[in-house]
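[1] okay, predicted coordinates and the sequence, questions at the end:
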Amino acid sequence: MRNYTTRILINILLFLTLFFASGYFHQPVDYDNSRTRLMLISAMVDHHTYAIDHLQRLPHFQTIDVSINGGHQYSNKAPGAAMIGAPAYWLIKKIFPARDKPVLFFWHRHLINLLTNSLLFAIAGLVLFHVGLRWTDDVFCALPGVLAFAFGSIAWSHSQYFSGHLMTGILFFFGFTCLMRLRRTSDEKDASFTSLLAFSGGLFTGFGFACEYTSLFIVIVLFGYLFWLRPPFSRIVFFSFGAAIPLMFVLAYNFQCFGSFFSTGYHHLALDEFAEGTAKGFLGISFPQPRSLIMLLFSPSRGFFFLMPVYFFSLIGLWRMWRSARFRPEMVVISSIALWYFFLISGYFGWHGGWTYGPRYLVPTLPFLTLALFFSPVRSRAWGLLLVLSILLVLPGIIIMPHTPPVFKNPIFELMIPLMKMGYLPDTILSAIGFGRSTGVLIGLAVIVLAIVLLLVLGYRIRSSAPAYATGNNSQKILAIFVTAAIIIGLLVTRSPEQERTLFNLYRQKLYGTYHWTIKNFK
């Protein structure tokens, strides 16, 4: 009974912690990737159109992420994120009308993200926790894995602004968990439940694709996993029907905006630089480039394992999953998705992701690779060392800003810290009601740290005495020490070329100027 009550408390506290961590901070400046999606939401709700021409004329909007067709401008992104955000915006405007405020002013943008990305982020943490419990039968194995996803990865920063990448990954992850649950219920007689499960899995999968077109391969992988389950034909039909609903909206959107069901915004890009890039290969994607792949993996500005080193242990987890016949199919799904994204993006002309901190195009892999962490030595000191290091490396994107231009090879020292010294800090719930920004940031971090400590204490009280996958060895200690040393040295010695450093002051002034103008005129 005590363990049951403690687990309930952990579930409640975990959800509240993740929701608070995502929703408490808010970046005042929305850059092009999120701005163009918000503009589409406003066009749909405020003007009942998909065209964003009128918003492009407003000084506080304007984006380069646009497509042109028939004399009108449209968002160049897949419409799925706007499909999810539009009902939230409509509801927000009904509850909090703002006739005297600018379109999508501060609280509107914040609440849209709160009801979409933040909510999905918190729910994803709970789902990950329950999958980890089911796979390891140990709270103190499942909980650290969730904390790695929530605070040791750039999923945290992407949950704070209206980015489609995190939404894509979480929705596909939900689809995958529905299929895994379907595998466990293959012998049950409740046809209505299994049909609903299959339909829900398809619906999540369809919405995941609707948010990012590059995720098509995940759709194929999940259908492959479904066929591997060999379910009754009716479940395949329900899954397919669920996936088809968002797809029909996407096709209708493409036809309405670009004149063809299969013509997307990426075929009609307005910016010449983007149009030239996407003309190479297939929509800008060619064969993987070794240099781009190395930068995506190990660079201080975009490196997946450099900025989130705890995910080195996902490689160990994948190996352990492969050695277990029970989890081998799930290992194939996870590794296929990860490899697809790593190699796909390394062949993309804009592999760096533009103005972003970390490899934003790889964010959809994070929920899946977190599953592999449950099979890694989560109770070892080596694991804990890399988790703490990951949190410290992710934190600047939370408490300063997550939009770093690719010209900065070492954004923490070359951009983020200088900007923080200039006064660049995010909005918080406390700063929105009159407290200083630095005070709001410090209090928010203190609340999060206390909540994490309480979660770990509760988890430790009901931990398993002999977890199956939590143990480590000396080679893993050596790995953790080597990785930590390499990252510290990399941060200390990596600097941008001298000819690029001449642009630094210009970029810093532009970033701070945009920030200052936004908080003064667009709150």
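    Looks like it came in fine.

[2] let me see the contact set for residue 200.
    Taking Cβ atoms under 8 Å, 6 or more residues apart in numbering as the criterion, residue 200 is in contact with 174, 178, 242. To be clear about C-beta, it is placed using only N, CA and C from the backbone, and glycine gets the same treatment.

[3] A helix includes it, no?
    Yes - applying DSSP: H, G, I helix; E, B strand; the rest coil, one finds residue 200 inside a helix.

[4] from residue 353, how far off is it?
    In this structure, residue 200 and residue 353 are 31 Å apart, going by Cβ to Cβ, to the nearest Å.

[5] looking at the contacts of residue 200, which is nearest residue 8?
    Within the contacts of residue 200, the smallest distance to residue 8 is 22.1 Å, found for residue 174 (Cβ to Cβ).

[6] hmm, residue 334 is touching residue 368, no?
    Yes - judged on Cβ atoms under 8 Å, residue 334 makes contact with residue 368 at a distance of 4.6 Å.

[7] contact partners for residue 146?
    Applying Cβ under 8 Å, 6+ apart, we find residue 146 in contact with 14, 125, 128, 129, 132, 370.

[8] how many neighbours does the fourth one have?
    It refers to residue 129. 25 (other Cβ atoms under 10 Å).

[9] would you map the strands across the stretch 301-450 of the chain?
    Ranges of strands in the stretch 301-450 of the chain, per DSSP state E, counting those that start in this stretch, are 427-428.

[10] follow-up on the earlier one: in JSON lines: the contacts of residue 200, plus pLDDT.
    Below are those laid out as JSON lines (pLDDT from 0 to 100):
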{"residue": "174", "pLDDT": "98"}
{"residue": "178", "pLDDT": "95"}
{"residue": "242", "pLDDT": "96"}
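
[11] quick check, nearest of those residues to residue 480?
    Closest to residue 480 out of the contacts of residue 200 is residue 174 (31.6 Å), distances taken as Cβ to Cβ.

[12] what's the helix or strand for that closest one?
    Under the criterion DSSP states H and E, the helix or strand holding residue 174 is helix 164-184.

[13] grab the most central residue of this protein for me.
    Compute the mean C-alpha point of the chain, and by Cα atoms, centre = their mean the closest residue is residue 166, 2.5 Å away.

[14] what helix or strand does residue 85 sit in?
    Applying DSSP H and E as the criterion places residue 85 in helix 80-95.

[15] using CSV, write out every CA atom in the very next helix or strand once past that helix.
    Using DSSP H and E, the helix or strand that directly follows helix 80-95 along the chain is helix 106-113. The C-alpha trace of helix 106-113 is given here as CSV (Å, rounded to 0.1, in the frame of the first residue of the first chain):
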residue,chain,number,x,y,z
PHE,A,106,2.7,37.7,-25.2
TRP,A,107,0.1,35.9,-23.2
HIS,A,108,-1.5,34.4,-26.3
ARG,A,109,1.8,33.0,-27.5
HIS,A,110,2.7,31.7,-24.1
LEU,A,111,-0.7,30.0,-23.5
ILE,A,112,-0.7,28.4,-27.0
ASN,A,113,2.6,26.8,-26.2
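
[16] output the contacting helices and strands for helix 106-113.
    In terms of contacts (3 or more Cβ pairs under 8 Å, 6 or more residues apart in numbering; DSSP states H and E), helix 106-113 is packed against strand 25-26, helix 32-46, helix 80-95.

[17] run through the neighbouring helices and strands of the helix or strand following it.
    As assigned by DSSP H and E, the chain's next helix or strand after helix 106-113 is helix 119-136. Where contact means 3+ Cβ pairs under 8 Å, 6+ apart, helix 119-136 is packed against helix 2-24, helix 139-151, helix 164-184, helix 366-373.

[18] can you put the ones you listed in TSV and add distance to residue 330?
    Converted to TSV, the helices and strands packed on helix 119-136 look like this (distance: least, Cβ to Cβ, whole Å):
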stretch	distance to residue 330
helix 2-24	23
helix 139-151	14
helix 164-184	7
helix 366-373	7
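
[19] so for residue 285, which of the ones you listed sits nearest?
    helix 164-184 (16.3 Å).

[20] gap between residue 76 and residue 67?
    Remark: distance between residue 76 and residue 67 (Cβ to Cβ) = 4 Å.

[21] identify the contacts common to those two.
    Overlap of the contact sets of residue 76 and residue 67 (by Cβ under 8 Å, 6+ apart) consists of 265, 266, 268, 269, 270.

[22] so which of the helices and strands packed on helix 119-136 gets nearest residue 432?
    Proximity to residue 432, assessed across these by Cβ to Cβ, is greatest for helix 2-24 (10.2 Å).

[23] gap between residue 177 and residue 143?
    18 Å.

[24] tell me which of the two has more neighbours.
    Neighbour tally, residue 177 and residue 143, criterion other Cβ under 10 Å: the higher count belongs to residue 143, 25 against 21.

[25] wait, that one sits on residue 456?
    Yes - the criterion here is Cβ under 8 Å, and residue 143 meets it with residue 456 at 6.9 Å.

[26] need the residues that contact stretch 170-179.
    Contact with stretch 170-179 is made by 120-121, 123-124, 127-128, 131, 197-198, 200-205, 207-208, 211, 215, 218, 222, 225-226, 229, 239, 333, 337, 364, 367-368, as judged by Cβ under 8 Å, 6+ apart.

[27] ok, of these, which come out buried?
    Buried members of the contacts of stretch 170-179, scored by 16 or more other Cβ atoms under 10 Å, are 120-121, 124, 127-128, 131, 197-198, 200-205, 207-208, 211, 215, 218, 222, 225-226, 239, 333, 337, 364, 367-368.

[28] quick check: phi and psi at residue 68.
    Dihedral pair for residue 68: phi -120, psi 130, per degrees, to the nearest 10.

[29] residue 267 is in contact with that one, correct?
    No - using Cβ under 8 Å, residue 68 is not in contact with residue 267; the gap is 10.8 Å.

[30] check the burial of residue 111 by counting its neighbours.
    Per other Cβ under 10 Å, the neighbour tally for residue 111 reads 20.

[31] local confidence estimate at it?
    If you check residue 111, the pLDDT there is 89.

[32] quick one, helices of the stretch 301-450 of the chain?
    Ranges of helices in the stretch 301-450 of the chain, per DSSP state H, counting those that start in this stretch, are 304-307, 312-323, 328-346, 366-373, 381-394, 396-399, 411, 417-422, 429-432, 437-461.

[33] in CSV, list the ones you listed along with mean pLDDT.
    Listed next are the helices of the stretch 301-450 of the chain as CSV, based on pLDDT from 0 to 100:
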stretch, mean pLDDT
helix 304-307, 96
helix 312-323, 94
helix 328-346, 95
helix 366-373, 97
helix 381-394, 95
helix 396-399, 94
helix 411, 92
helix 417-422, 88
helix 429-432, 84
helix 437-461, 94
